Every structure is written in structure tokens, then in C-alpha cells.
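>>> Got a predicted structure here, sequence first:
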Amino acid sequence: MTNPDYFKKVLEEQIGGNHYKDRFEIEPAEFILKNRLDFPTGCIIKYLLRHPFKNGKEDLLKARQYLDMIIARDYE
């Protein structure tokens, strides 16, 4: 995987909304990249963090869908 620091400049600019930058010390995308998390795990983090500020229950349902993907992939 590419060095996460490569994305630092890109992460400085948030396009479309402020539901992450104004509320958290570190944006989900930066956390996900620095910790080299896989796609479904990253999506879970993103949706769990933003649900109170953006799409509410819909974001929680999306997070649950990705959690179900991980369960199916790793435990079934």
C-alpha cells in the first residue's frame, strides 16, 4: 500500500460539507489510511462517526451492512 503521508495534502481540503473537520481531531479518511484499514472497516468507521450529523439511521444501517460483510467474509 502507498505511504499514508502521500495523502496528507489531499486530506487538507474537504470537499462538500464540514461534518468531519469541525467535529473531530482527525478525519476518518486520515485515520483509515494511517492505520491501513480495509475498505469495509473504513466504511464502518466513517458511517458511525457521521450518523449524528448527516444521514442518521441510514448511516447506521450502512455501517451495519459493512459489518455484516466482514462477518460473512471472516466467520462464515
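Yep, that arrived. Numbers count the residues shown, from 1 in each chain.
>>> In what element of secondary structure is the nearest residue to Cys43 once chain neighbours are set aside found?
Closest residue in space to Cys43, ignoring its immediate chain neighbours: Tyr66 at 4.5 Å, by Cβ to Cβ, 6 or more residues apart in numbering. (C-beta placed from N, C-alpha, C; glycine too.) Element membership for Tyr66 (DSSP states H and E) is helix 57-75.
>>> And that helix, what's buried?
For helix 57-75, the neighbour count (16 or more other Cβ atoms under 10 Å) marks Asp59, Lys62, Ala63, Tyr66, Leu67 as buried.
>>> So what's the gap between stretch 27-35 and the chain middle?
7 Å (Cα atoms, centre = their mean, to the nearest Å).
>>> Could you do stretch 68-76 as well?
19 Å.
>>> Let me know the average pLDDT across that stretch.
For stretch 68-76, mean pLDDT rounds to 98.
>>> center of this protein, which residue is that?
Centroid check for the chain by Cα atoms, centre = their mean gives Lys46 as the closest residue, at 2.7 Å.
>>> give the contact list for it.
Contact analysis of Lys46 by Cβ atoms under 8 Å, 6 or more residues apart in numbering lists Pro28, Ala29, Ile32.
>>> and those, which of them are in helices?
Those of these mapping onto helices are Pro28, Ala29, Ile32, per DSSP state H.
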